[in-house]
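A.B. asks: Prediction below, plus the sequence it came from.
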Amino acid sequence: MLYGEDWLWAAYGRMLHSVRTGDAAFAQVHGMSFYDFLERHSEPATQFQEGITAYSHLEASAIAEAYTFAENATVVDIGGARGTLLALLLAAHPTLNGVLFDQPEVVPAAERAFAEAGLTARARGVGGDFFSSVPSGGDVYVLKSVLHNWDDEDAGRILRSCRRAMAPSARLLLAERIVPIGNTPSEATLFDINMLVVVGGRERTEAEYRELLEKSGFAVVRTMATKSPLSVMEAQPSPADHLLRPGQ
């Protein structure tokens, strides 16, 4: 339903613009970026959040099955939207606590979802800007389908915000589509085109994600496939980068 809406579908008619320039066709069609458009148009913003929630329902159980969370850990879901993933993780692991971090206007919907699921004692929402800072004190930081929205520079800024907030023992879970090497058919490759046309973002190969993580102060521990199109890369803070400061 989301992709069939005229305001989004129109961008795909200008795909050639994205192929030629590397810029998002969405901005050419609407005269503003995708996220600026959503800020100014409430109905499309609602449709987009519902679409993201639908994706999360498909992906969340696969992530919960692929990764073993330590008991009593605090999970910080960065850019967690309406809390679908975090709510499922907390329901599947009764000892976990959770913090959802997203734009302030998104947080109330997540907190309502936590209340409806009976999770208010273990989950809370925090509003803010992940380019500046994210909540500290977490044991596991989750970035699901966030970095693919951004180019390498901005993705690095998000990762460094996480790095500054994390204790040496904390872990980062990066859940994204990984583009395979070669020219074989792939859902991730199709989604790469989608990200280019809509937001100017990109899917990445495993090597590209590793490089991005390492430049942002992380060391990759392992990569895990899931039963969804997403893979999960687990990373830990690199000791050599413990002096990262805001703005780096």
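C.D. replies: Sure thing, it's come through. Just so you know, these numbers come straight off a predicted model, no measurement behind them.

A.B. asks: quick one: I158 and S133 touch, right?
C.D. replies: No: using C-beta atoms under 8 Å, I158 is not in contact with S133; the gap is 10.7 Å. C-beta here means a position set from N, CA and C on the backbone, and glycine is covered the same way.

A.B. asks: Show me which of the two is the more surrounded one.
C.D. replies: I158 (20 against 14; other C-beta atoms under 10 Å).

A.B. asks: Model confidence score at the more buried one, please.
C.D. replies: You'll see I158 listed with a pLDDT of 97.

A.B. asks: How about it, nearest residue that isn't a chain neighbour?
C.D. replies: F130 (5.2 Å; C-beta to C-beta, 6 or more residues apart in numbering).

A.B. asks: My read is that the one you found contacts D77, right?
C.D. replies: No: applying C-beta under 8 Å, one finds F130 not in contact with D77, separated by 11.2 Å.

A.B. asks: Can you work out which residues contact both of these two?
C.D. replies: Taking C-beta atoms under 8 Å, 6 or more residues apart in numbering as the criterion, F130 and D77 both touch F101.

A.B. asks: Neighbour count: these two, which is higher?
C.D. replies: Set F130 next to D77 and count neighbours by other C-beta under 10 Å: D77 wins out with 28 against 20.

A.B. asks: and the residue lying closest to K215 once chain neighbours are set aside, how many neighbours?
C.D. replies: Excluding its sequence neighbours, the residue lying closest to K215 (C-beta to C-beta, 6+ apart) is G156, at 6.3 Å. Residues within reach of G156, counting by other C-beta under 10 Å, total 19.

A.B. asks: what about the residue nearest to I158, which SS state?
C.D. replies: Counting by DSSP: H, G, I helix; E, B strand; the rest coil, the backbone at F130 sits in coil.
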